[in-house]
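Colleague: Give me coordinates for this.
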Amino acid sequence: MAPLADHRAVLLEHLDDEEATLLPLAAEHITEKEWASLGDHLVVNMPKLTLLTLFGLVLEDANPAERATLLSALPAPVRDIWHVIGRPRYARHISRVRAA
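Modeller: The predicted structure is shown next:
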């Protein structure tokens, strides 16, 4: 378990640095349209089951208002897929990860 704790510490440091350094630069140099195109590219090119897992991670870290905003932005059929397939799949996946 120590290697995972070490990895987590390094990852959190990296993510904090990314948030403090990279995101302000992106906000200064990338338009909203360009930023949105990055998300569009991700959705088009990533396997859909992986997208569901990533969406679960994002929702888990979001506060209730952010979760509501994220879910309301999804088209109704995609929201239904999340509730029927994605959410239970994510719960099983994260349960296995955290049990390891």
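Colleague: Could you use CA atoms for every contact and neighbour count after this?
Modeller: Noted.
Colleague: quick one, helices of the protein?
Modeller: 2-17, 23-29, 32-45, 48-61, 64-73, 76-81, 87-99 (DSSP state H).
Colleague: Tell me which of those helices is the most buried.
Modeller: For those, average neighbour numbers computed from mean count of other CA atoms under 10 Å are highest in helix 48-61, which has a mean of 15.
Colleague: Which residues does that helix contact?
Modeller: Contacts of helix 48-61 with the rest of the structure, by CA atoms under 8 Å, 6 or more residues apart in numbering, involve 43, 66-67, 70, 82, 86-87, 89-90.
Colleague: Now do the domain split for this protein, please.
Modeller: Listed domain ranges for the chain are 1-30, 31-100 (source: automatic domain parsing).
Colleague: Lowest average confidence across these, which one?
Modeller: Ranked by mean pLDDT, these end with domain 1-30 at the bottom, a mean of 90.
Colleague: Start and end of that one, how far apart?
Modeller: The first and final residues of domain 1-30 sit 39 Å from each other (CA to CA, to the nearest Å).
Colleague: if I pick residue 66, what's in contact with it?
Modeller: Contact analysis of residue 66 by CA under 8 Å, 6+ apart lists residue 59.
Colleague: So it versus residue 28, what's the distance?
Modeller: Separation of residue 66 from residue 28 (CA to CA) stands at 23 Å.
Colleague: Could you do residue 83 as well?
Modeller: Distance from residue 83 to residue 28, counting by CA to CA: 36 Å.
Colleague: do residue 98 as well
Modeller: Residue 98 is 37 Å from residue 28, where distance means CA to CA.
Colleague: Equivalent analysis for residue 69, please.
Modeller: Between residue 69 and residue 28 the computed distance is 24 Å (CA to CA).
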